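> sequence and predicted structure are below.
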Amino acid sequence: MTPFGQKLRTIRAERKVTLKDMADALGVSPAYLSALEHGRRGAPTWYLVQRVITFFNVIWDEAEEIERLAQISHPRVVIDTSGLGPEATEFANKLARQVGNLTESDIRALLDLLNARLKPVVKPPRA
């Protein structure tokens, strides 16, 4: 399951919307929507994400969160390490081969590490 698929399923469940009803409203098949929720399809298009946001009538922060989750929800990722050091290539290859063997705790720890490194550095205001 992808982050977007999980969010979609959660919102559907909270609002008691069936897969079929949502698929009909979005103009897609229930099979496609199910595959999207389960991560068996690529990331949704911007257009579909906007229809989901409209369908659920979400605004601001939740709409932005849905858009963000859609952007990070392609189940087949390609990592280009050309031009990087050998450790980056080794890391990418090992991660690709072993991601299915990692525990949820391992994955959470790696995500926390990456998220901590990717946060912008906030400089204190000048006095």
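Sure thing, it's come through. Owing to the predicted nature of the structure, the values given are computational and were not obtained by experimental measurement.

> output the below-cut-off pLDDT ranges for the protein.
Confidence mapping of the chain against pLDDT under 70 gives the ranges 119-127.

> so which residues of it form strands?
When assigned using DSSP state E, the chain turns out to have no strands.

> outline the domain layout of it.
When the chain is parsed into structural domains using automatic domain parsing, the resulting residue ranges are 3-71, 86-118.

> now do the buried residues in the last one.
Buried positions in domain 86-118, judged by neighbour count with 16 or more other CB atoms under 10 Å: Ala92. Every residue, glycine included, has its C-beta placed from N, CA and C.

> include distance to Val77 when you put the domains of the chain into a markdown table, please.
Output for the domains of the chain, formatted as a markdown table (distance: least, CB to CB, whole Å):
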| stretch | distance to Val77 |
| --- | --- |
| domain 3-71 | 10 |
| domain 86-118 | 8 |
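
> of all the ones you listed, which one is nearest Val78?
Between Val78 and those, the shortest gap by CB to CB is with domain 86-118, which sits at 9.5 Å.

> how far off centre is that closest one?
Relative to the centre of its chain, domain 86-118 is centred 16 Å away, using CA atoms, centre = their mean, to the nearest Å.
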